[in-house]
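Participant: Fold the following, please.
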Amino acid sequence: MAAISAVGLTKSYGDKAVLRGIDLSIPAGTVFALLGPNGAGKTTTVEILSTLIPADAGSVQVAGHDLVREADGVRRAIGVTGQFSAVDNLLTAEENLMLMADLNHLRRREGRRRAEELLRRFDLTDAARKPVVTFSGGMRRKLDLAMTLVGDPKVIFLDEPTTGLDPRSRRTMWEIIRGLVADHGVTIFLTTQYLEEADQLADRIAVLDGGRIVAEGTAEELKRIVPGGRIRLQFTDAGQLDTAAALFDYATADAEALRLDIPGDNSVITVKAVLDTLDNASVRAESLVVETADLDDVFLQLTGEGAR
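Facilitator: I've put the predicted structure just below:
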């Protein structure tokens, strides 16, 4: 069953069309990532699906509730973590969570139990009674997500949740997100500009550009639709590099790095043909690396100037 479904979703601000009729179908208990350059409409999509702003046209259901007719039902079923932290710096972590419990109309004892559980889950128990103003960026984002979970949502919208975090904190957040899906069956709608993040977390990825979904699929499916594979040869001698570069059409040489990139499909036959060509010309490479297309290649080719 789809946790989120949208048909023909559109939104404009004056003469500027932000969304131009996008369709989405996101199964329950999965992670869905929406990629796109700045201004593509990612945050607008989240704001519409989470009832913060109305769409101009289109039909949407979230957690089985119609977005327009049953907006209160949608709000009860979702949690939202935006780009900017929503925690109160003057309160402690525990007080922030208890405030969210009150807003979700939980009884005092249940709210306290829920806060203690979330502090344990997010490894914040030792910092429970410290003011949030003393927290690091990673701790603040963990608390922000914990506050989203106080109401036990079925669907969580994470709008660029790891922006500004160091690599260690980002990977901690990834583990937490994986756990929410694996252990609790939560559906995650993730927007991000970190392509590795989408690659690591998402069951399916959509690429948004110019207000339209220009591609959708698993990470591996998306990587197969763009030509990004290459065979990378490293040399220790500039003469050997120049000789090798002359052997292959469309090869790209980096004279400073003494590196040669040869476009290819990365099959065994192609790699063997490259090696045979080098051997026949008595050219010696120091190393050979086979690289497949990655989400960077997909992103660059399908969005902005690459798409045009």
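Participant: Please make it C-alpha for all contacts and neighbour counts, starting now.
Facilitator: OK.
Participant: For stretch 277-289, list the C-alpha coordinates in CSV.
Facilitator: Output of stretch 277-289 as CSV, limited to C-alpha atoms (Å, rounded to 0.1, in the frame of the first residue of the first chain):
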residue,chain,number,x,y,z
THR,A,277,45.8,-2.3,-27.0
LEU,A,278,48.3,-1.1,-24.4
ASP,A,279,50.3,-4.3,-24.6
ASN,A,280,50.5,-4.2,-28.4
ALA,A,281,51.8,-0.6,-28.2
SER,A,282,54.3,-1.6,-25.5
VAL,A,283,52.7,1.0,-23.1
ARG,A,284,52.9,0.4,-19.4
ALA,A,285,50.4,1.8,-16.9
GLU,A,286,51.1,1.9,-13.2
SER,A,287,47.5,1.0,-12.3
LEU,A,288,44.0,0.4,-13.8
VAL,A,289,40.7,1.2,-12.0
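Participant: Name the residues that touch it?
Facilitator: Here stretch 277-289 makes contact (C-alpha atoms under 8 Å, 6 or more residues apart in numbering) with Ile231, Arg232, Leu233, Gln234, Phe235, Thr236, Gln240, Thr243, Ala244, Leu247.
Participant: where in the stretch 101-250 of the chain is pLDDT low?
Facilitator: Where the stretch 101-250 of the chain drops to pLDDT under 70, the residues are 227-228.
Participant: can you map out the strands along it?
Facilitator: Secondary structure of the stretch 101-250 of the chain (DSSP state E, counting those that start in this stretch): strands located at 155-159, 187-191, 204-209, 212-217, 230-234.
Participant: need the contacts of stretch 277-289 in TSV with neighbour count, can you?
Facilitator: Converted to TSV, the contacts of stretch 277-289 look like this (neighbours: other C-alpha atoms under 10 Å):
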residue	neighbour count
Ile231	20
Arg232	19
Leu233	21
Gln234	18
Phe235	21
Thr236	14
Gln240	16
Thr243	14
Ala244	23
Leu247	13
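Participant: Show me what counts as buried in stretch 36-54.
Facilitator: The neighbour-count check on stretch 36-54 (16 or more other C-alpha atoms under 10 Å) flags 36-37, 40-51 as buried.
Participant: Pick the one among those closest to Ala202.
Facilitator: Ala202 lies nearest to Gly36 out of the buried residues of stretch 36-54, by C-alpha to C-alpha, at 14.6 Å.
Participant: Please list all residues in contact with that closest one.
Facilitator: By C-alpha under 8 Å, 6+ apart, the contact list for Gly36 reads Lys42, Thr192, Gln193, Val207, Leu208, Asp209, Phe299, Thr303.
Participant: Apart from its chain neighbours, what residue comes closest to it?
Facilitator: Leaving aside its chain neighbours, Gly36 sits nearest to Leu208 (4.8 Å; criterion: C-alpha to C-alpha, 6 or more residues apart in numbering).
Participant: cool, Ala77 as well?
Facilitator: Here the residue nearest Ala77, using C-alpha to C-alpha, 6+ apart, is Pro153, at 5.0 Å.
Participant: And for Val87?
Facilitator: Nearest non-adjacent residue to Val87 (C-alpha to C-alpha, 6+ apart): Asp144, at 6.1 Å.
Participant: now Ala251
Facilitator: Residue nearest to Ala251 in three dimensions, not counting chain neighbours: Ile262, with 4.5 Å by C-alpha to C-alpha, 6+ apart.
Participant: Am I right that that neighbour is in contact with Phe248?
Facilitator: Yes. Counting by C-alpha atoms under 8 Å, Phe248 is a contact partner of Ile262 at 7.3 Å.
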